[in-house]
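Engineer: sequence and predicted structure below; questions after.
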Amino acid sequence: GMLFIFKSENYQSFWMKDTLIPLDIIFIKESGQVTDIYTAHPEKGKSDFQLTLYKSTEPTKYVIELNANTASKLNLKIGDYIKISI
């Protein structure tokens with residue numbers, strides 16, 4: 001997976017531009033609380049303006065991308081906490 005770390009909490013958005021595999025996108029507050037989980041799929045043939053934006057519903061500091069359906073396999077749910085040590 002990949003961990004994105006932002007300077008401060010803010011509303012974040014991701015898209016699947018040039019991404020070849022489906023991914024889980026997990027938005028996480030600075031406290032470690034999961035706010036949103038999306039399973040995103042590649043959107044070949046769409047222009048940048050047509051691509052789906054996956055947005056956090058609350059300000060978040062971290063985003064984790066994992067292979068699609070990993071969050072479900074881990075039974076990860078909105079409201080759960082993830083400990084992130086940097």
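Structural biologist: Sure thing, it's come through. Since the structure is predicted, the reported quantities are computational estimates derived from the model, not experimental observations. Numbers count the residues shown, from 1 in each chain.

Engineer: list the beta-bridge partners for the most centrally placed residue in the chain.
Structural biologist: Centroid-nearest residue in the chain: I25, 2.4 Å away (criterion: Cα atoms, centre = their mean). Counting by DSSP bridges, I25 is bridged to Y38, E65.

Engineer: and for I5?
Structural biologist: For I5, the beta-bridge assignment (DSSP bridges) gives partners Y62.

Engineer: let's see the pLDDT reported for the residue lying farthest from the centre of the chain.
Structural biologist: In the chain, counting by Cα atoms, centre = their mean, G45 sits farthest out from the average C-alpha position, at 22.3 Å. In the prediction, the pLDDT value recorded for G45 is 92.

Engineer: same check, this time on the one 10 residues further on
Structural biologist: Taken from the predicted model, the pLDDT recorded for K55 is 98.

Engineer: for the one 10 residues further on, same thing?
Structural biologist: On pLDDT, E65 comes in at 98.

Engineer: also S85?
Structural biologist: Taking S85 on its own, its pLDDT is 89.

Engineer: now do the helices in this structure.
Structural biologist: Assigned by DSSP state H, the helices in the chain fall at 70-73.

Engineer: any idea how far apart the tips of stretch 22-35 sit?
Structural biologist: 20 Å (Cα to Cα, to the nearest Å).

Engineer: pull the distance from that stretch to the chain's centre.
Structural biologist: The chain centre lies 6 Å from the centre of stretch 22-35; the measure is Cα atoms, centre = their mean, to the nearest Å.

Engineer: what does it contact?
Structural biologist: 9, 12, 14, 16, 36-42, 54, 56-72, 76-84 (Cβ atoms under 8 Å, 6 or more residues apart in numbering). Bear in mind the C-beta positions are built from the backbone N, C-alpha and C, glycine included.

Engineer: what subset of those residues is buried?
Structural biologist: In terms of neighbour count (16 or more other Cβ atoms under 10 Å), the buried residues within the contacts of stretch 22-35 are 9, 12, 14, 16, 36-38, 40, 54, 56, 60-66, 68, 70-71, 76.
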